[in-house]
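> Predicted model and sequence follow; I will ask about them next.
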Amino acid sequence: MENPKNGYPVKVYDGPVKRYCQTLDLKDNPELIAEYRKRHSKEHAWAEILAGIREVGILEMEIYILGTRLFMIVETPLDFEWETAMARLSTLPRQAEWEDYMAEFQLVKAGMSSAEKWQLMERMFHLYEQE
């Protein structure tokens, strides 16, 4: 099992990428959170959803959890256009079904798309390199 104190390896790409960070809250129910984790496991995540994420140009997606708070990191090529990709993602096979399947765990309104549920976060600090 992974240990947060050991850190997480990051994939190295041939060139620079950009990162999007998002947050979403889950319902405060340990049984629901356990099921939410299970549905995102390698054994239970839907192949069509994983393929769709890659199809719209996302290179990597990670979700972190602390209590009921989720934090998502999305890595993309530099020419990636967020709104275009999210609009396309919402039309892919089973995507709306997946969003409804996950909504029972999330503090969201029924029928919301992924782009409506997950809120983009503003970076307020960066450890800039000194030149």
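Okay, I see it. Numbering: from 1, shown residues only.
> Quick check on the residue lying closest to residue 121 once chain neighbours are set aside: phi, psi?
Spatially, and ignoring its direct neighbours in sequence, residue 121 is nearest to residue 21 (4.5 Å; C-beta to C-beta, 6 or more residues apart in numbering). In short, each C-beta sits where N, CA and C put it, glycine included. With angles defined as degrees, to the nearest 10, residue 21 sits at phi -120, psi 140.
> what about residue 21, distance to residue 104?
Residue 21 is 25 Å from residue 104, where distance means C-beta to C-beta, to the nearest Å.
> remind me which residues of the protein are low pLDDT?
130-131 (pLDDT under 70).
> if you go through the protein in chain order, where are the strands?
Ranges of strands within the chain are 17-25, 60-66, 69-77, 119-120, based on DSSP state E.
> The closest residue to residue 62 other than its chain neighbours: how many residues sit nearby?
What sits nearest to residue 62 in space, not counting adjacent residues and going by C-beta to C-beta, 6+ apart, is residue 73, at 4.7 Å. By other C-beta atoms under 10 Å, 16 other residues sit near residue 73.
> quick one, what contacts residue 73?
Applying C-beta atoms under 8 Å, 6 or more residues apart in numbering to residue 73 gives the contacts 19, 20, 21, 60, 61, 62, 64.
> where exactly do the helices run in the chain?
30-39, 47-55, 82-89, 95-103, 114-117 (DSSP state H).
> For residue 12, which of these is the nearest?
Residue 12 lies closest, by C-beta to C-beta, to one member of the helices of the chain: helix 47-55, at 17.8 Å.
> buried sites along that closest one?
For helix 47-55, a neighbour-count test (16 or more other C-beta atoms under 10 Å) marks 49, 52, 53 as buried.
> before we move on, what about stretch 64-77?
68, 70, 72, 73, 74, 75, 76.
> Likewise for stretch 8-20?
Result for stretch 8-20 [16+ other C-beta under 10 Å]: buried residues 17, 20.
> What's the separation between the residue nearest to residue 62 and residue 121?
10 Å.
> residue contacts, residue 66?
Not one residue lies near residue 66 by C-beta under 8 Å, 6+ apart.
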